[in-house]
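J.: Prediction below, plus the sequence it came from.
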Amino acid sequence: MLRYLTAGESHGEYLSGVLEGFPSGVRIAPEYISAQLRRRRLAPGRSARQAIETDRCEVLSGLGGGATTGAPIALLIKNSGRRPPTPSSLPRPGHADLPGMLKYGTLNAVQVRERASARETAMRVALGSFALRLLELLEVKIRSRVVSLGSRPVTTAKDAADRLLRARRDGDTLGGVFEVTVENLPAGLGGFAQWDHRLGSRLGASLLGINGVKGFEVGGGFALAALGGRAASGDLSLSGGLDAGMTNGRALTLRCAVKPVPGLPGGALSTDLRTFRKELSVSKTSDTSAVFAAAVIGEHAAALELASALLEKFGGDSLPELRRRLDEWRKDTGKILRRL
Ligand SMILES: Cc1cc2nc3c(=O)[nH]c(=O)nc-3n(C[C@H](O)[C@H](O)[C@H](O)COP(=O)(O)O)c2cc1C
């Protein structure tokens, strides 16, 4: 089983993370991790402030001679040139600020938002890049795409860029839906004997754990509710690769709805918790949309869960051991699945 934790604040000196339970023998270059971080940081819809961040990730432990050793992997990302913000008692609507201030008994919203910020997802991507690399070496292909931006489907990159530019000029922000697909997963990952063995519940928890993600579906998802049983069972792709919490040998399809970024350049009305006066909470440096970046984070969040499920089923302290067992399983189950 894989376990991971992150720590660090948005304007703190570092983000840190630890990944435990990862097998030995997985070769991973520092450039591989940087490339994943760059995909998140420079995704369409992000604000200009992202271009000045570097997201250089240091591997502090768990690597030897360019490959994992089986020891816990500790990572560090230094935040570049960030001044800590001045304390504020004005909560930003749609953010962690108000419930977080009540929860921790503070009149300083900055104390809450520093940790609640989506900056933390940089570390989730760095940790997830190890899982992504492991899946890649086991010939499991994971991809993401943005299906819709605002109320309309995304047709081309140019169309999306134009709509993001228009929203930014109008002082607005956009939500959207992203999809993660995974091919060549072995059948039988996950389980049904307890609710938390179900792979769908684990993937849902992981993807709903991404800031701003408000909806999650597997395969046909919400649309399935409107179909008759004949139509629903006639189309095998509607299962999205999971039956009763287990992979069924077909491609896995997950979708997430991302809300529009709540930070608006024109401001949103809020109440100062010190004075109880109404004031505008203005976000000049906010992203226009988080959906493209969230898609990248979603790939890594899913990869961490899937790598964990693979290790639970097949065990293996090293990559060769895991691969041997997986190859044998693929051969045995393939004999049956190919005849269906
Ligand atoms: C990569 C990423 C970047 C984000 N950037 C911003 C931003 O610049 N401004 C903002 O107001 N919200 C941003 N968000 C969304 C907030 O983090 C999110 O709305 C907030 O955590 C509360 O959402 P929740 O209710 O889903 O937890 C971003 C989210 C992600 C995943």
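T.: Structure received.

J.: For the residue nearest to N108 when sequence neighbours are not counted, give its distance to T271.
T.: With sequence-adjacent residues excluded and distances taken as CB to CB, 6 or more residues apart in numbering, N108 is closest to P87, at 4.5 Å. From N, CA and C alone the C-beta is placed, and that goes for glycine too. From P87 across to T271, the span is 17 Å (CB to CB, to the nearest Å).

J.: ok, now which ones touch the residue nearest to N108?
T.: By CB atoms under 8 Å, 6 or more residues apart in numbering, the contact set of P87 is N108, A109, V110, Q111.

J.: The ligand: which of those is nearest?
T.: Checking the contacts of P87 against the ligand by CB to the nearest ligand atom gives A109 as the nearest, at 12.8 Å.

J.: Quick check: the residue nearest to N108 is in a helix.
T.: No - read with DSSP: H, G, I helix; E, B strand; the rest coil, P87 is coil and lies in no helix.

J.: Near V18, how many other residues are there?
T.: 18 (other CB atoms under 10 Å).

J.: Beta-bridge partners for it, please?
T.: Taking DSSP bridges, one obtains L5, A74 as the residues bridged to V18.

J.: Any idea how many residues pack against the residue in the stretch 1-150 of the chain positioned nearest to the ligand?
T.: Distances between the stretch 1-150 of the chain and the ligand by CB to the nearest ligand atom are smallest at A118, namely 3.4 Å. Look at A118: counted by other CB under 10 Å, it has 18 neighbours.

J.: Return the residues in contact with the nearest residue to A251 once chain neighbours are set aside.
T.: Here the nearest residue to A251 in space, its sequence neighbours aside, is E183; by CB to CB, 6+ apart that works out to 4.9 Å. Neighbour list for E183: V140, K141, I142, A251, L252 [criterion: CB under 8 Å, 6+ apart].

J.: gap between V182 and K259?
T.: 24 Å.

J.: what residues are up against D97?
T.: Applying CB under 8 Å, 6+ apart, we find D97 in contact with P91, A109, V112, R113, A116.

J.: How far does stretch 196-215 sit from its chain's centre?
T.: Put simply, stretch 196-215 sits 9 Å off its chain's centre (CA atoms, centre = their mean, to the nearest Å).

J.: ok, residues contacting that stretch?
T.: The contact list for stretch 196-215 (CB under 8 Å, 6+ apart) reads 116-118, 120-121, 124, 175, 180, 189-192, 195, 216, 218, 222, 242, 244-247, 254-259, 261, 290, 294, 297-298, 301-302, 304-306, 308-309.

J.: Just the ones of those residues in helices?
T.: With helices taken from DSSP state H, the overlap with the contacts of stretch 196-215 comprises 116, 121, 124, 294, 297-298, 301-302, 304-306, 308-309.

J.: Closest to the ligand out of the residues you listed?
T.: The shortest gap between the ligand and any of those belongs to A294, at 4.5 Å (CB to the nearest ligand atom).

J.: Only the buried residues of the lowest-mean-pLDDT helix or strand in the chain, if you could.
T.: Across the helices and strands of the chain, mean confidence by mean pLDDT, DSSP states H and E is lowest for helix 229-234: a mean of 90. Buried residues in helix 229-234, counted by 16 or more other CB atoms under 10 Å: none are found.

J.: now stretch 322-332: mean pLDDT?
T.: Averaged over stretch 322-332, pLDDT sits at 98.

J.: ugh, typo on my part, it should be stretch 281-296
T.: Per-residue scores along stretch 281-296 average to 96.

J.: and it with the ligand, contact?
T.: Yes - using CB under 6 Å from any ligand atom, stretch 281-296 comes into contact with the ligand via S283, S286, D287, A290, A293, A294.

J.: starting at the chain centroid, how far to stretch 261-269?
T.: 24 Å.

J.: hmm, it in reach of the ligand?
T.: Yes - Stretch 261-269 is in contact with the ligand by CB under 6 Å from any ligand atom, via V261, P262, G263.
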